[in-house]
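what shape does this take:
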Amino acid sequence: CSRASARKGSLHLRRCQCHSYQLGNGPNSEQTLTNTLLFGVKPLSLLTILSVLLLYPMHTMAQIEKKDSVSINEPDPVASPRLSLSSLTDGIVRSIKFTGEEIKKAGAKLNTIDTTYISPNKYNLAFMLEQSSWYEHYRLGSNDGQSLNFAPNINTKLGVYFGWRWIFLGLSFDIKDLIGKGKEKAPRKEIVFNLYSAKFGVDLYYRKTGSDFKLSSYEKFNLSQSYTNTQFNGFQSNIKGLNAYWIFNHKRFSYPAAYSQSTNQRKSCGSLLAGFSYSQHNISFDHTQLPEEMQQQLSPSLKFHSLRYTDYNLSVGYGYNWVFAKNCLLNISLLPAIAYKKARINDQPTQSGTDWAQWIRDINFDLITRAGITWNNSKYYVGASLVLHTYDYRKPTFSMTNSFGSLRIYMGFNFWKKKEYREKKE
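Numbers count the residues shown, from 1 in each chain. Down below sits the predicted model:
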């Protein structure tokens, strides 16, 4: 060929024609042309093509085998564990056990004592029978010296209690309800919770009076006859509050020995006490229920129908345990308190100014009194206790003093000795 064409197809054809001319036009010219078309490629190029054709299936199979091996070696998806009933039960049991251990540790810290003065309780449980009498008294006074005193009949109850260490729970029943004489009166409600530990104590209470008040006494009335102890149905009250106090000499002085029988005081000892109290008082008074001639002479400041006040107080006092004989204990404690009171009379706030003198007028004084006597040989016990709360509210034209308390007489025994005392012989 003398020259090459610009197109690839023409170049290939001219090369074929050149080879044909060189081979000649013999009888096998067509076969020679065909062989030339098939095998006119260089040997190296043919070898490359054959290698690709042979190796491509092997490469494809290798890729398939690799994918299969990867899929085989991949770990199976981890199934999420199923929550069984047994595992749930075990978890609850462990939680309860852990909580119990923590409560036990906290109780041990709160009840650390000096065993030369106080003997710890050796038993887990206690049984107690109790007779309790509840007392209330209210005094309403005016600035001219006139006063009215109201008190309900003393409420007596019988109770059965079970105790665990220093917590007692049980039921009490009004004797009048049991014999059928108290159903016509509005029911009283009394909920009281007392906690006595070595270091501190807590009182929670809610009280709602019934309708069996009496006019117990009065002053500065000029009457034609006596109305003392006259039934009065125009007075009701409810009180709810919290009282908490700290015992400074808690390692040697034991309140539980006198009021919850969970320890025994062995030597006489006293302690300084400090506390905080919060209470809400709601009083309703219907003066039209008074005798007619008393209504005519009643001071205007006593003609109210409702009084509500909130009491905050801080108290500092002293308590003393006197061991006057073997296993015998007498306790007396007083906690006077300085109190701040905010009140609403007839649903209207009392007048208050911004000067310090008006703020001081809202400060009054309260008192918490406790007394108890008990005999306790660590197994059996018998005793009596008195707890009395007194609140004082005073304004220039009006004053009120209300007191409530309880007297308890009880007897019982402890049982189920603690594990640490079972192996020791008394």
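
setting aside sequence neighbours, what's the nearest residue to the spatially most central residue of the chain?
By Cα atoms, centre = their mean, the mean C-alpha position of the chain lies nearest to Leu204, the distance being 13.2 Å. Distance criterion Cβ to Cβ, 6 or more residues apart in numbering; nearest residue to Leu204, sequence neighbours excluded, is Phe193 at 4.2 Å. Every C-beta, even on glycine, is put in place using the N, C-alpha and C of the backbone.

so who does that neighbour touch?
When contacts are counted by Cβ atoms under 8 Å, 6 or more residues apart in numbering, Phe193 touches Val202, Asp203, Leu204, Tyr205.

can you list the residues you listed in CSV and add secondary structure?
Below are the contacts of Phe193 laid out as CSV (DSSP: H, G, I helix; E, B strand; the rest coil):
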residue, secondary structure
Val202, strand
Asp203, strand
Leu204, strand
Tyr205, strand
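
buried subset of these?
For the contacts of Phe193, a burial check counting by 16 or more other Cβ atoms under 10 Å picks out Asp203, Tyr205.

include distance to Ile247 and pLDDT when you put the contacts of Phe193 into TSV, please.
Shown next, in TSV, are these (distance: Cβ to Cβ, whole Å; pLDDT from 0 to 100):
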residue	distance to Ile247	pLDDT
Val202	12	90
Asp203	14	88
Leu204	18	90
Tyr205	20	89
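
returning to that earlier point: so the residue nearest to the centre of the chain bridges to which residues?
Leu204 has these beta-bridge partners by DSSP bridges: Phe193, Leu242.

shouldn't it be in contact with Leu242?
Yes - contact between Leu204 and Leu242 holds when scored by Cβ atoms under 8 Å: they sit 5.7 Å apart.

picking that back up, wait, what's in contact with the residue nearest to the centre of the chain?
Contacts of Leu204 by Cβ under 8 Å, 6+ apart are Ile191, Val192, Phe193, Asn194, Gly241, Leu242.

Ser315 now?
Tyr245, Leu273, Ala274, Gly275, Phe276, Ser277, Leu335, Pro336, Ala337, Ile338, Asp366, Ile368.

look at the second one and give its secondary structure.
Just to be clear, that refers to Leu273. Assignment for Leu273 (three-state DSSP): strand.

could we number from 25 for the rest of this?
In the new count, where the first residue is 25, that last one comes out as Leu297.

burial of Pro324, as a residue count?
Other residues within reach of Pro324, judged by other Cβ atoms under 10 Å, total 10.

quick one: the strands in the stretch 325-450 of the chain?
330-349, 352-369, 372-373, 387-400, 404-418, 422-441 (DSSP state E, counting those that start in this stretch).

of all those strands, which lies closest to Thr180?
strand 422-441 (9.5 Å; Cβ to Cβ).

now that closest one: average pLDDT?
Averaging pLDDT along strand 422-441 gives 93.

centre of the chain versus it, how much separation?
24 Å (Cα atoms, centre = their mean, to the nearest Å).

how close does the nearest residue to Lys223 once chain neighbours are set aside get to Arg290?
Nearest residue to Lys223, sequence neighbours excluded (Cβ to Cβ, 6+ apart): His274, at 4.5 Å. The gap separating His274 from Arg290 is 15 Å, by Cβ to Cβ, to the nearest Å.

check Leu195 too.
For Leu195, the distance to Arg290 - Cβ to Cβ - is 33 Å.

so those two - more neighbours on which side?
A count of neighbours by other Cβ under 10 Å puts Arg290 above the other of Leu195 and Arg290, at 20 against 9.

and the gap between that one and Arg276?
For Arg290 relative to Arg276 (Cβ to Cβ), the value is 10 Å.

which residues do the two both contact?
Contacts common to Arg290 and Arg276, judged by Cβ under 8 Å, 6+ apart, are Tyr141, Ile142.

can you show me the helices along the stretch 75-224 of the chain?
With DSSP state H, counting those that start in this stretch, the ranges of helices along the stretch 75-224 of the chain come out as 109-134, 199-202.

what's the angle from the strand or helix carrying Gln304 to strand 352-369?
Taking DSSP states H and E as the definition, Gln304 sits inside strand 293-309. With axes from the mean of the first three to the mean of the last three Cα atoms, to 10 degrees as the basis, strand 293-309 and strand 352-369 are set at 30 degrees to each other.

now do strand 293-309 against strand 422-441, angle only.
130 degrees.

check which element follows strand 293-309 along the chain.
helix 316-321.

dump that following helix to CSV, restricted to CA.
The C-alpha atoms that make up helix 316-321 are tabulated as CSV, following Å, rounded to 0.1, in the frame of the first residue of the first chain:
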residue,chain,number,x,y,z
GLU,A,316,-80.0,35.2,124.0
GLU,A,317,-78.9,37.4,126.9
MET,A,318,-75.2,36.5,126.2
GLN,A,319,-75.6,37.6,122.6
GLN,A,320,-76.9,41.0,123.7
GLN,A,321,-73.9,41.6,125.9
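
what does the pLDDT read for the nearest residue to Ser423 once chain neighbours are set aside?
Nearest residue to Ser423, sequence neighbours excluded (Cβ to Cβ, 6+ apart): Gly165, at 4.4 Å. Here, the pLDDT recorded for Gly165 equals 95.
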